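Q: Model the following, please.
(chains A, B, C and D)
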There are 2 protein chains.
Amino acid sequence: MAEIVTKLPAAGSPPAKQDQGKNTQNHAINPKAMAIMTAAKELFLEQGFGAVSMDQVARQAGVSKATVYAHFVSKEKLFAEMVFRACIAKSHAVLPALQADSDIEAVLEEIAHIVVDHLLSPEPLAVYRIIMAEGPRFPELPRAFFGNGPLPMIRKLTDFFDEANRLGLLTVPDTRLAAEQVIWLVRGPLGVRRLFTTDVPADLPAEEAVIKGAARMIHATYSPRAN
Amino acid sequence: MAEIVTKLPAAGSPPAKQDQGKNTQNHAINPKAMAIMTAAKELFLEQGFGAVSMDQVARQAGVSKATVYAHFVSKEKLFAEMVFRACIAKSHAVLPALQADSDIEAVLEEIAHIVVDHLLSPEPLAVYRIIMAEGPRFPELPRAFFGNGPLPMIRKLTDFFDEANRLGLLTVPDTRLAAEQVIWLVRGPLGVRRLFTTDVPADLPAEEAVIKGAARMIHATYSPRAN
DNA sequence: GGGAAACTAAACCGTCCAGTTCAGTCACAC
DNA sequence: GTGTGACTGAACTGGACGGTTTAGTTTCCC
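A: Residues are numbered from 1 along each chain as shown, chains lettered A, B, ... in the order given. Below you'll find the model as predicted:
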């Protein structure tokens, strides 16, 4: 029902009253449209699609509802575009470069930290949650999210392991699998406590233990001498 | 706002017209109440809280809306109780017993399969998704879910690793951490493609490769000779 | 200063939905 | 067979919300 923009025009003109051009373009510059997007982002990410009314969005944006509808065709479109933008907004991580004499376990630990920073900061988590929640209603979102969020990180990690193979620092038979492993070894245990709003008790392992454990595990499994 | 039952009475009497006893008790036997619960489960788990109306529930249960309200105080209570029941309804997994001469890597692989079967079958996944989605609105649910779903599995795995330590089959310094690691090594890569309704392309590692990889990784890391 | 376009504020429409009410039916117990 | 209580079916209330319209105000450019 709601199609999503797959490209973001960088600049735009203000809305025109009765052309159909207001639908999916040109909100990048206009300050009102930006205020609306910002408000929508805050509200939707926090409360979900159903729980937020367009009146709330307008109020929070400091704008009349008519203006909201002047810039965005419908609630669905606004939501979908907001999520899409939130997906691609993630700053792209930079992994440390490898040298032949790198301390591989230290580098792995560093990488685990980067994964935590990028996948477990509040906004990506909120996006993740909302994609999961509204996935059935907006089936295009998961693909956009995966392609812009986890996938680039997986690719970088895969490249990293390829490079480690090449330098003889590791022996990784399936680098793509290794990439997912390192992600989930930290994302899993640490994500649970962040995704469930209510704090889960039951003595979770400490954050640093999880990170060090993941690095150690990758190293132990893929160390050249181990295989 | 919606408090949740933390105990399930096994038997119940039919509703009483004007006492306040209908709220959180006694839906276990009454066939109408059961039909309502069943319908609620199917609908809510599939479509989420907001997208389902009480008329739908009544219709699907083959019951009048008045009867629904005779058994359940409100939509919130019905939803919360349904989720709570779905949480505790999970059949409890049985892990293979260890002997001193067990083939530990084979056992680990078996365990990985059990984890997949228990955490990634359709209903637990649906519950997981809905907890994530409605978590902000029902803050008591995540704890109930975690305590009845993942936590027992984590405990069993922790015990398993303790036993493996005792038998000298593995050397696991932090058994609780190891339990979470084995869970997430399979749950992570395999859960993504199931949680996102739209199939995510981008050549995911094959299921069996993920499972074998997890078992191998645990073994390589915690093998007695490795440390 | 004049005109056009963006914007506001508020009323308004239609729809949907949670929850209530009520007259009447059915089944069963005494 | 009569009373009791669960249940039905349908109408209804009250409120929320998406989306539109309109009358009037601001802003800015020429």
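Q: Which other helices and strands does the top helix by length along chain A contact?
A: With secondary structure taken from DSSP state H, chain A has its longest helix at helix A:175-195. Judged by 3 or more Cβ pairs under 8 Å, 6 or more residues apart in numbering or on different chains; DSSP states H and E, helix A:175-195 is in contact with helix A:104-119, helix A:122-134, helix A:150-166, helix A:207-222, helix B:175-195, helix B:207-222. (Glycine included, C-beta is placed from N, CA and C.)
Q: now it against helix A:150-166, angle please.
A: In terms of direction (axes from the mean of the first three to the mean of the last three Cα atoms, to 10 degrees), helix A:175-195 departs from helix A:150-166 by 130 degrees.
Q: Now residue A:100: phi and psi?
A: Main-chain torsions, residue A:100, degrees, to the nearest 10: phi -60, psi -30.
Q: Make sure it is actually in contact with residue A:168.
A: Yes - using Cβ atoms under 8 Å, residue A:100 makes contact with residue A:168 at a distance of 7.5 Å.
Q: Could you give the average pLDDT over the longest helix of chain A?
A: Averaged across helix A:175-195, pLDDT comes to 92.
Q: Excluding chain neighbours, what is closest to residue A:196?
A: Once flanking residues are discounted, residue A:196 sits nearest to residue B:142: 3.7 Å by Cβ to Cβ, 6 or more residues apart in numbering or on different chains.
Q: And for residue A:164?
A: Closest to residue A:164 by Cβ to Cβ, 6+ apart is residue A:170, at 4.0 Å.
Q: Would you mind measuring from the one you found to residue A:160?
A: As judged by Cβ to Cβ, to the nearest Å, residue A:170 and residue A:160 stand 9 Å apart.
Q: With residue A:183 instead?
A: Residue A:183 is 12 Å from residue A:160, where distance means Cβ to Cβ.
Q: re earlier: next, count neighbours for the residue nearest to residue A:164.
A: Residues lying near residue A:170 (other Cβ atoms under 10 Å in any protein chain shown) number 25.
Q: From DNA strand D, how far off is it?
A: Residue A:170 is 51 Å from DNA strand D, where distance means Cβ to the nearest atom of the strand, to the nearest Å.
Q: does that residue count as helix, strand or coil?
A: Using DSSP: H, G, I helix; E, B strand; the rest coil, the structure places residue A:170 in coil.
Q: domain ranges for chain A?
A: A:1-89, A:104-226 (automatic domain parsing).
Q: Just tell me which of these ends up closest to DNA strand C.
A: Nearest of the domains of chain A to DNA strand C, taken as Cβ to the nearest atom of the strand: domain A:1-89 at 3.1 Å.
Q: before we move on, back to that, state the helix or strand in which the residue nearest to residue A:196 lies.
A: Using DSSP states H and E, residue B:142 falls within helix B:141-148.
Q: Buried ones in that helix, by neighbour count?
A: Across helix B:141-148, burial judged by 16 or more other Cβ atoms under 10 Å in any protein chain shown covers B:141-148.
Q: returning to that earlier point: give me every residue that touches the residue nearest to residue A:164.
A: Neighbour list for residue A:170: A:104, A:161, A:164, A:219, A:222-224 [criterion: Cβ atoms under 8 Å, 6 or more residues apart in numbering or on different chains].
Q: Would you mind checking those residues for buried ones?
A: Judged by 16+ other Cβ under 10 Å, buried ones among these: A:104, A:161, A:164, A:219, A:222-223.
Q: nearest to residue B:119, of those residues?
A: Closest to residue B:119 out of the buried ones among the contacts of residue A:170 is residue A:222 (25.5 Å), distances taken as Cβ to Cβ.
Q: Can you verify my assumption that the closest one contacts residue A:172?
A: Yes - with contact defined as Cβ under 8 Å, residue A:222 counts as touching residue A:172 (4.8 Å).
Q: Next, show the common contact partners of the two.
A: Residues touching both residue A:222 and residue A:172 (Cβ under 8 Å, 6+ apart) are A:161, A:164, A:178.
Q: May I see those arranged in TSV, with distance to DNA strand C as well?
A: Shown next, in TSV, are the shared contacts of residue A:222 and residue A:172 (distance: Cβ to the nearest atom of the strand, whole Å):
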residue	distance to DNA strand C
A:161	49
A:164	52
A:178	47
